[in-house]
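S.K.: next one to model:
(one chain, ligands or ions: 1)
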Amino acid sequence: MKLSFLGAAREVTGSCFLVETGQVRFLVDCGMIQGGREAPARNRKPFAFDPQSIDFVLLTHAHIDHSGLLPKLTRAGYKGPILATTATADLLQVMLPDSAHIQESEARRDGRRVRAARGRNTEPEPLYTLQDAQECLRQVWAVPYDEELVPRAGVRCRFRDAGHILGSAIIEVWVSEASGTTKLVFSGDLGHPGRPILRDPTPVRDADILVIESTYGDRAHKDHSASQTELIDIVERTLYRQRGNLIIPAFAVGRTQEIIYHLHRLTREGRLRGLRVFVDSPMATEATRITRQHVELFDDAARNLAAWHARGRDLPYLHFTESVEESMALNKVRAGAIIVSASGMCDAGRIRHHLRHNLPRRESSVLIAGFQAQGTLGRRLVDGAKRVRMFGEDIPVRAGIHTVGGLSAHADQPALLAWAAGFQQAPRQTFVVHGEARAAEGLAGRLGAMPGWNVTVPVPGMTVQWPENTEVLDHA
Ligand SMILES: [Zn+2]
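M.R.: Numbers count the residues shown, from 1 in each chain. Predicted coordinates for the structure are as follows:
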């Protein structure tokens, strides 16, 4: 069996792993690369494998950095099934068409640029179209958690709750060959234990090969209650004392629902009052609707809160904007609004308009609660930029920029180590992925110090062979 690390090796986005035996070839995730100038060109590169030779795809969760190149795979001729949990399948219904829409409008914008610069009349092909996305969605098979499935003779798999976003999964895969059966475990993205709404990541007891994420592999989040106190403090300072707005860039799926959850819970506990919350992202609105349809996946605290919410007393004012006009009207609001908008890393979407209007204002604040990849506007803000470039303008940053790490959707280093400690025996080989080099090496160092653990941080494109040896076969 061969395992290739085609994406998310020493970086956070573009998750894609290829498993091959003489009989079967499959992918785990087929994600888009996000952040940085080279991302669009890298996403356009042909796949490192023949898409038509793939038998099936296993998808850990709906985030675009895990699912975003699936329509490209379909466009390139892939016809097989894409296995995902039911909630992931629901989320894909809105996320893949949305992503296609972004691809189409970027292609049109690039076309206009080429025309303006060279007078040539070319319309660059989008990475994929809405039609590709819709075709791709027909290939999605919704599967339950915790049941053994046989996507193809010789392969069994099982999706376990990863507690990261709605529908997220750790995937266990058993691959049988003449030489025996090998069990692979792909952690996907792991949630931080005790996070709102979702259950904690499911412990896994055994694996021959473990592929584990490391987004926060070198860091510990501040504890949850400290993060909440910080959130309350930022809300009070910005809205009540400074009379500005609080802007929260948030992934439409996951983060937005958590922020809404926190604001409701803190209101219920009497720790915040009189909030006016605007969710300004059509995708986030859809994702919130889907989340409310999957109460069966909630943890107990979230079910309690949902029941309180249903009684409908003393709720914060919560408005989901719909039209562009409604979104633009928010630009005129000078004070007292909490605006939750996407994209989470501030690279696209309506959030940019809210930042443009509020970054220059000392009274306003920006709350960064999610991971910001290198090369994104969000990262520049976190790193303390005094001026940023947006819409062809130089925008001064006078608003307070607050990072609240303890609300993260990803497990921190202690939580990753605790999950890894759930293995009754060390996996025979562990690969640390989905983290920038420092984070991946930080986690690898700690895992490698555990008795019996054999840990590697793969380089991009690396292929390893199992069980004969685990040497590098080639680099892309
Ligand atoms: Zn994710």
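S.K.: show me what contacts the residue nearest to Asn358 when sequence neighbours are not counted?
M.R.: Of all residues not flanking Asn358 in the chain, Ser364 sits nearest, at 4.0 Å (Cβ to Cβ, 6 or more residues apart in numbering). Backbone N, C-alpha and C define where each C-beta goes, glycine included. If you count contacts by Cβ atoms under 8 Å, 6 or more residues apart in numbering, Ser364 has them with 238, 242, 244-247, 358, 399-400.
S.K.: return the per-residue confidence for Ser364.
M.R.: Looking at Ser364, its pLDDT is 98.
S.K.: output the longest helix belonging to this structure.
M.R.: Taking DSSP state H as the criterion, the chain has its longest helix at helix 86-118.
S.K.: and that one, how far out from the chain middle?
M.R.: Between the centre of helix 86-118 and the centre of its chain there are 18 Å (Cα atoms, centre = their mean, to the nearest Å).
S.K.: which parts of the protein are helices?
M.R.: Under the criterion DSSP H, the chain contains helices at 39-44, 64-67, 70-75, 86-118, 130-138, 224-235, 255-268, 282-292, 300-311, 324-329, 351-358, 377-382, 413-420, 437-448.
S.K.: ok and the longest one relative to helix 282-292, angle-wise?
M.R.: Spelled out, it's helix 86-118. 170 degrees (axes from the mean of the first three to the mean of the last three Cα atoms, to 10 degrees).
S.K.: packing partners of helix 86-118?
M.R.: Where contact means 3 or more Cβ pairs under 8 Å, 6 or more residues apart in numbering; DSSP states H and E, helix 86-118 is packed against helix 64-67, helix 70-75, helix 130-138, strand 140-143, helix 282-292.
S.K.: enumerate the positions of it that are buried.
M.R.: 86-100, 102-104, 107, 111 (16 or more other Cβ atoms under 10 Å).
S.K.: out of everything not next to it in sequence, what's closest to Asn331?
M.R.: Distances taken as Cβ to Cβ, 6+ apart place His357 nearest to Asn331, at 4.8 Å, with adjacent residues excluded.
S.K.: quick check: which of the helices of the chain is nearest to the ion?
M.R.: helix 64-67 (6.1 Å; Cβ to the ion).
S.K.: name the residues that touch that closest one?
M.R.: Outside helix 64-67, the residues that reach it (Cβ under 8 Å, 6+ apart) are 8, 12-15, 29-34, 59-61, 92, 95-96, 99, 188-189.
S.K.: same question for that helix: list its buried residues.
M.R.: Quick answer for helix 64-67 (16+ other Cβ under 10 Å): 64-67.
S.K.: is the ion within reach of that helix?
M.R.: No. Using Cβ under 5 Å from the ion, helix 64-67 stays clear of the ion, with a minimum separation of 6.1 Å.
S.K.: let me see the contact set for the residue of the stretch 351-476 of the chain found nearest the ion.
M.R.: Residue nearest to the ion within the stretch 351-476 of the chain: Ala409 (6.8 Å; Cβ to the ion). By Cβ under 8 Å, 6+ apart, the contact list for Ala409 reads 164-165, 189, 191-192, 195, 251, 254-255, 258, 370.
S.K.: which ones among these come in contact with the ion?
M.R.: With Cβ under 5 Å from the ion as the criterion, the contacts of Ala409 include Asp189 near the ion.
S.K.: what parts of this structure come near the ion?
M.R.: 63, 189.
S.K.: one step back: export the helices of the chain as a markdown table, with columns for distance to Ile171 and mean pLDDT.
M.R.: Shown next, in a markdown table, are those (distance: least, Cβ to Cβ, whole Å; pLDDT from 0 to 100):
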| stretch | distance to Ile171 | mean pLDDT |
| --- | --- | --- |
| helix 39-44 | 23 | 94 |
| helix 64-67 | 11 | 96 |
| helix 70-75 | 16 | 98 |
| helix 86-118 | 11 | 90 |
| helix 130-138 | 19 | 98 |
| helix 224-235 | 27 | 89 |
| helix 255-268 | 23 | 89 |
| helix 282-292 | 21 | 91 |
| helix 300-311 | 24 | 81 |
| helix 324-329 | 37 | 93 |
| helix 351-358 | 31 | 96 |
| helix 377-382 | 29 | 96 |
| helix 413-420 | 15 | 97 |
| helix 437-448 | 19 | 97 |
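S.K.: tell me, how many residues neighbour Glu20?
M.R.: Residues near Glu20, counting by other Cβ atoms under 10 Å, number 19.
S.K.: go ahead and confirm it touches Lys2.
M.R.: Yes. Counting by Cβ atoms under 8 Å, Glu20 does reach Lys2; the two are 4.7 Å apart.
S.K.: spatially central residue for the protein, please.
M.R.: Most central in the chain under Cα atoms, centre = their mean is His63, positioned 4.2 Å from the mean C-alpha point.
S.K.: which residue is most remote from the mean position of this structure?
M.R.: Gly119 (38.9 Å).
S.K.: quick one: it and Arg108, what's the gap?
M.R.: Distance from Gly119 to Arg108, counting by Cβ to Cβ, to the nearest Å: 17 Å.
S.K.: ok, Lys222 next?
M.R.: On the measure of Cβ to Cβ, Lys222 and Arg108 end up 43 Å apart.
S.K.: excluding chain neighbours, what is closest to Val388?
M.R.: Leaving aside its sequence neighbours, Val388 sits nearest to Ile395 (Cβ to Cβ, 6+ apart; 5.3 Å).
S.K.: so who does the one you found touch?
M.R.: When contacts are counted by Cβ under 8 Å, 6+ apart, Ile395 touches 355-356, 359-360, 387-389.
S.K.: list the contacts of the closest residue to Ile171 other than its chain neighbours.
M.R.: The shortest distance from Ile171 to any non-neighbouring residue, by Cβ to Cβ, 6+ apart, is to Phe186 (4.7 Å). The contact partners of Phe186, taken as Cβ under 8 Å, 6+ apart, are 17, 28-29, 58, 60, 170-171, 173, 211.
S.K.: then Arg75?
M.R.: With contact taken as Cβ under 8 Å, 6+ apart, Arg75 is in contact with 128-129, 132.
S.K.: quick one: which of these has the most company?
M.R.: Neighbours here mean other Cβ under 10 Å. Within those, the largest count is held by Tyr128, at 26 neighbours.
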